[in-house]
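Q: Here is a sequence together with a model predicted from it:
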Amino acid sequence: MGDTEANKVNLIKIWVRVKIEKIKNSKPFLFLLALIIGATGMYLYLEAPKLYKSIFLDSRVVILVPAGVNSGGEQINEPQNSIGEESGGTLASSPEALIRKTFGDQADNAIRVADCESQLDPTRIGDTHMAKYSYGLFQINRTWHDYSPETLLNAQRNVEIAKEIYDKGGWSRWTCGRNLGIS
């Protein structure tokens, strides 16, 4: 490469550096940078609960025992399923079974409300646009009920707390109760 070509390359490099410095110090660039940082922060703010749920709360330990043997090695007639304690429930206690056991004659209405609120998903976290989220089968919101997320994500406790709330104020305490016209 000759001297004139090297000089041209150096001039281009200098010109590019000057342009980059001007862009970096321009208001539109700073605005765009702030917008990107803000959008990233909002995305993390909105997605963090979902990430937390998927990483920590959906990690269930399921043990399938072959037919004819239980986990202690004893002979049985049917296969057993169990979920580790950290998941907050057992396979034997389906959400509908827990609700029927707890709500008695209001079980059908309770199942309709829970299905509307969480699609009967005991690990559902909702209302993530609010300061405190709603948790579990009945989407109990921590703004009005002072329970830990771990308590509210335990299916049995969520149903028990929902029954207490129902006993105090009926189905109108849930948006789905009002929307479904359940009194």
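A: That came through, no problem.

Q: which residues in this protein form strands?
A: 62-64, 81-83, 125-126, 134-135, 140-141 (DSSP state E).

Q: which helices and strands sit right next to the last one?
A: Put plainly, it is strand 140-141. Applying 3 or more CB pairs under 8 Å, 6 or more residues apart in numbering; DSSP states H and E, one finds that strand 140-141 contacts strand 134-135, helix 155-169. Every residue, glycine included, has its C-beta placed from N, CA and C.

Q: Report the buried residues of the longest one.
A: This means helix 155-169. By neighbour count on 16 or more other CB atoms under 10 Å, the buried set for helix 155-169 is 155-159, 161-163, 165-166.

Q: Just give me the closest of the residues you listed to Trp144.
A: Trp144 has its nearest neighbour among the buried residues of helix 155-169 in Ile165, at 8.9 Å by CB to CB.

Q: Do I have it right that the closest one meets Gln139?
A: No - using CB atoms under 8 Å, Ile165 is not in contact with Gln139; the gap is 11.1 Å.

Q: among the strands of the chain, where is the model least confident on average?
A: Mean pLDDT per stretch puts strand 81-83 lowest among those, at a mean of 39.

Q: Now for the nearest residue to Tyr135 once chain neighbours are set aside: which residues touch it?
A: Setting aside the residues directly before and after it, Tyr135 is nearest to Leu152 in space (CB to CB, 6 or more residues apart in numbering), at 3.5 Å. Contact analysis of Leu152 by CB atoms under 8 Å, 6 or more residues apart in numbering lists 135-136, 140, 142, 145, 158, 161.

Q: can you do 7 Å?
A: Neighbour list for Leu152: 135-136, 140, 158 [criterion: CB atoms under 7 Å, 6 or more residues apart in numbering].

Q: Per-residue pLDDT of the nearest residue to Arg157 once chain neighbours are set aside, please?
A: Excluding its sequence neighbours, the residue lying closest to Arg157 (CB to CB, 6+ apart) is Thr151, at 5.2 Å. Among the per-residue scores, Thr151 holds a pLDDT of 92.

Q: For Ser134, see how far away Thr151 is.
A: For Thr151, the distance to Ser134 equals 13 Å [CB to CB, to the nearest Å].

Q: can you check Lys13 too?
A: If you measure Lys13 against Ser134 using CB to CB, the figure is 57 Å.

Q: picking that back up, more neighbours: Thr151 and Ser134, which one.
A: Taking other CB atoms under 10 Å, Thr151 and Ser134 do not tie; Ser134 has more neighbours (22 against 18).

Q: domain assignment for the chain?
A: 3-57, 60-88, 93-179 (automatic domain parsing).

Q: Give me the helix or strand of this protein that scores worst on average pLDDT.
A: Every helix and strand in the chain was compared by mean pLDDT, DSSP states H and E; the lowest is strand 81-83, with a mean of 39.

Q: one step back: weakest of the domains of the chain in terms of mean pLDDT?
A: Note on the domains of the chain: lowest mean pLDDT is at domain 60-88, with a mean of 46.
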